[in-house]
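> Model the following, please.
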Amino acid sequence: MKQKVIWLVNQYAVPVQKRTRQIVLSQHLEKQGYKVYIICGSKIHGVDDNFIKDKHAYKKVEFDGARFIVIRISDYSRQIKRVYVSVQFQRRIWKLRNQLPKPDVIVSDFAGLFGNIFLKWKKKYGTRIIYDILDLWPEDFLDVGFLKKNSITAKLLFNMEHRAYREADNLIFSMDGGRDYVKEKRWDIESGGDIDLNKIGALNNGVDLETVDRNREKFVIQDIDLESKKFKAVYLGSIRRANNVDLIVEAARILQQQEIANISILIYGDGDYRESLENKAMGLKLSNIKFKGRLDVEYAPYVLACCDLNLFNFMNAPICRFGLSPNKLFMYFASGKPVLSMVRPKYELVESRKCGIVTDNSPQAVAEGIVWFSQMDKTEYEKYCKNCRLVAEEYDYKNLVGILIDQIEGKFS
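Residues are numbered from 1 along each chain as shown. Alright, predicted model coming up:
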């Protein structure tokens with residue numbers, strides 16, 4: 001039987017970071033007998049650098065046990081140029097199609113707003129097309145106010161999205177509410193639309209437990225704050241207004257006002273709001289919260305293992321009605337330590353799976369939740385820890401890859 005060639009297409013999956021979602025999935029697919037190529041662009045997002053510095057149209061690279069084909073694309077710094085480069089990326093792949101390994105299946109991050117170029121493979125070569133939908137564009141644009149619901153631009157973008165969903169062979173949403181989204185738009189067959197809900201699956205942003213466990217032992221930090229005997233609550237992630245880390249600072253203020261001395265809050269991460277919050281904590285003379293700065297992802301498992309409670313926050317936006325699947329949450333679960341969540345999306349895993357609690361989005365509620373865990377009976381606390389690890393095992397990529405294989409083979413649920 002001919003070995004199927006799979007393309008995993010993601011413009012931003014440049015081979016500079018190890019153990020990414022694409023790399024881990026590609027390796028699990030290879031173990032199942034597929035030949036996999038990760039197709040990406042050369043521009044390294046968020047960094048002033050380009051993987052291809054010469055005039056080569058593309059380069060084949062082996063990195064971290066995966067095959068990459070890096071397509072040369074232009075640099076960008078502004079958002080409008082970024083849109084142009086996304087279109088450029090797709091068009092250059094099409095232009096190079098006769099020089100690249102012919103795919104039997106293309107699994108692409110959703111690029112429907114920038115050209116749907118991959119549907120040309122389906123029409124010309126009969127290639128199976130699967131969209132891997134990590135974010136709900138343009139719905140997210142409505143939430144943050146970039147688009148008005150009834151504007152001509154919004155209608156155009158939603159029509160492009162609808163067409164892509166309709167013509168793709170299968171759809172994979174990283175959030176569990178993908179079918180809800182299609183039904184809300186009335187694009188499904190039962191609502192009079194043209195999309196079969198059976199072709200929609202969910203492939204969460206899970207976790208690679210093998211890497212997490214290895215990194216926890218290998219990448220160790222000597223830090224007095226991590227070695228402290230205090231009850232340590234940790235936030236790990238971006239520090240931007242949308243993440244509402246200010247809520248955690250306010251909770252620290254309440255704990256200090258109540259003279260609760262056995263709790264320490266550690267903030268790992270960076271962002272445009274970090275300096276402001278650090279200054280606020282200094283102005284309030286808070287001794288129970290520390291901003292630890294940016295943390296390389298390899299060190300995250302060790303840091304989380306040293307702490308006692310994971311703090312999860314996210315912008316409480318209408319988009320949460322379709323569920324959330326942030327990488328950070330699954331990393332928290334993998335640590336085997338409970339989670340205090342300040343957001344309650346649909347299909348939430350924290351409280352429903354007894355991995356922690358969901359509090360109101362208020363400093364007082366967060367402070368009370370941290371205290372509650374710090375005073376918890378050891379046996380009860382360890383039940384939460386065990387549940388977290390069990391959920392992490394469920395969402396390990398070695399298990400999630402079966403969902404992707406069903407989509408590749410056209411098995412409807």
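
> Wasn't V36 part of a helix?
No: V36: not assigned to a helix; according to DSSP: H, G, I helix; E, B strand; the rest coil it is strand.

> Now for it, how many residues are close by?
23 (other C-beta atoms under 10 Å). Heads up, the C-betas are built off the backbone N, CA and C, glycines and all.

> where does it land on pLDDT?
Per-residue pLDDT puts V36 at 98.

> ok, what's across the strand from it?
I6 (DSSP bridges).

> Pull the contacting residues for it.
V5, I6, W7, L8, S26, L29, E30, A66, R67 (C-beta atoms under 8 Å, 6 or more residues apart in numbering).

> Can you tell me which of those residues comes closest to I172?
L8 (11.4 Å; C-beta to C-beta).

> ok, that closest one - contacts?
Q22, L25, S26, V36, Y37, I38, I39, V107 are the contacts of L8 under C-beta under 8 Å, 6+ apart.

> burial count for C40?
Neighbour number of C40 under other C-beta under 10 Å is 26.

> again, but for V350
By the criterion of other C-beta under 10 Å, V350 has 26 neighbours.

> Assign it to helix, strand or coil.
Assigned with three-state DSSP, V350 falls in the coil class.

> shouldn't it be in contact with S341?
Yes: applying C-beta atoms under 8 Å, one finds V350 in contact with S341, separated by 4.4 Å.

> can I get the contacts of L8 in CSV with distance to K292?
CSV is the format used below for the contacts of L8 (distance: C-beta to C-beta, whole Å):
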residue, distance to K292
Q22, 29
L25, 31
S26, 33
V36, 37
Y37, 38
I38, 32
I39, 36
V107, 37
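
> I'd like to know which of those are buried.
Buried by 16 or more other C-beta atoms under 10 Å: Q22, L25, S26, V36, Y37, I38, I39, V107, out of the contacts of L8.

> shared neighbours of V350 and S341, which are they?
F312, G356, I357, V358.

> Take those and keep only those in helices.
Taking DSSP state H, every one of those sits outside helices.

> neighbour-wise, which of these leads?
G356 (26 neighbours).

> partner residues bridging that residue?
V339.

> so it touches L340, yeah?
Yes: taking contacts as C-beta under 8 Å, G356 lies within contact range of L340: 5.7 Å.

> from the contacts of L8, which single one is nearest T211?
L25 (12.8 Å).

> how about the closest one, what does it touch?
L8, Y397, L400, V401, L404.

> Who are the packing partners of the worst-scoring helix or strand of the chain on mean pLDDT?
Lowest mean confidence among the helices and strands of the chain (mean pLDDT, DSSP states H and E): helix 139-143, at a mean of 82. Packing contacts for helix 139-143, counted by 3 or more C-beta pairs under 8 Å, 6 or more residues apart in numbering; DSSP states H and E, involve helix 152-167.

> What strands line up against the helix or strand following the helix it packs on, and which way round?
Moving toward the C-terminus from helix 152-167, the next helix or strand (DSSP states H and E) is strand 170-173. With DSSP bridges as the test, strand 170-173 is paired with strand 128-133 (parallel), strand 200-202 (parallel).

> Adding distance to D169, mean neighbour count and mean pLDDT, write those out as a markdown table.
Output for these, formatted as a markdown table (distance: least, C-beta to C-beta, whole Å; neighbours: other C-beta atoms under 10 Å; pLDDT from 0 to 100):
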| stretch | distance to D169 | mean neighbour count | mean pLDDT |
| --- | --- | --- | --- |
| strand 128-133 | 5 | 24 | 94 |
| strand 200-202 | 11 | 21 | 94 |
